[in-house]
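> need coordinates for the below:
(chains A and B)
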Amino acid sequence: DAMVIQNPRYQVTQFGKPVTLSCSQTLNHNVMYWYQQKSSQAPKLLFHYYDKDFNNEADTPDNFQSRRPNTSFCFLDIRSPGLGDAAMYLCATSKFPGQGIPSTDTQYFGPGTRLTVL
Amino acid sequence: AQSVTQLGSHVSVSEGALVLLRCNYSSSVPPYLFWYVQYPNQGLQLLLKYTSAATLVKGINGFEAEFKKSETSFHLTKPSAHMSDAAEYFCAVVTGTASKLTFGTGTRLQVTL
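Have a look, this model is predicted:
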């Protein structure tokens, strides 16, 4: 089945130690998103890629970076995790018709990576 | 800017009872609206979406939602709750032209025997 895969499902890191979260997809979608979801809160968009075009949300901290080496893979790098970065990180994908056209295409989510910062 | 508001962070119903989860939107243009469900420690799964076709939208697992422009609402309903419906439910709206979703704060549905 076509799907969105996130690895690892659970990640423990130390305060200040860089960590990378991985997302892959078999849907061949051109858009990939990263969301941060803290406990009992709604997912908050960090950034997204439209093909190779990176789009950062205005309030995403510089501590968060992303890479998309090809259509299938996208990585979230947290350069110096703080205690406040402990959260569930969700990857999602969608098809997008093109810039300037609102899309109703569904976003497909992976199962998430729960990050713990010690 | 488009946004959604979910009334009630927690809703509890008995098994077999009607489920009603409320979502109101704010948008200056016709909105595209979604309902997603999230089970514990899982990602989000689409239940249904409104894309300006039929105002009554049927989704998976027996859920449906009705778009009411006069009330700026898109409430989610299910005639008979099942224990497996216990989860977090998010209403969302597409914002801008980049297919970005803005989520409501979520409603946790509890189903009791």
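> which residue ranges of chain A form strands?
Assigned by DSSP state E, chain A shows strands spanning A:4-7, A:10-13, A:19-25, A:31-37, A:44-50, A:53-56, A:64-67, A:73-78, A:87-94, A:108-109, A:113-117.
> same thing with chain B?
B:3-7, B:10-14, B:19-26, B:33-38, B:44-50, B:56-58, B:64-68, B:73-78, B:87-95, B:100-103, B:107-112.
> residue numbers of chain B in contact with chain A?
Residues of chain B lying near chain A by CB under 8 Å from any CB of the partner chain: B:32, B:34, B:36, B:41-46, B:49, B:51, B:90, B:94, B:96-101, B:103-106. Quick note: C-beta positions are derived from backbone N, CA and C, even for glycine.
> can I get the strands of chain A in TSV including mean pLDDT?
Output for the strands of chain A, formatted as TSV (pLDDT from 0 to 100):
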stretch	mean pLDDT
strand A:4-7	95
strand A:10-13	96
strand A:19-25	97
strand A:31-37	94
strand A:44-50	92
strand A:53-56	91
strand A:64-67	96
strand A:73-78	97
strand A:87-94	94
strand A:108-109	92
strand A:113-117	96
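> could those go into TSV alongside mean neighbour count?
Shown next, in TSV, are the strands of chain A (neighbours: other CB atoms under 10 Å in any protein chain shown):
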stretch	mean neighbour count
strand A:4-7	18
strand A:10-13	14
strand A:19-25	19
strand A:31-37	23
strand A:44-50	20
strand A:53-56	13
strand A:64-67	17
strand A:73-78	19
strand A:87-94	24
strand A:108-109	22
strand A:113-117	18
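> show me where pLDDT drops low in chain B?
B:96-99 (pLDDT under 70).
> if we go to 90?
B:1-3, B:27-32, B:40-43, B:51-55, B:94-102 (pLDDT under 90).
> tell me which residue is most central in it.
B:Trp35 (3.6 Å; CA atoms, centre = their mean).
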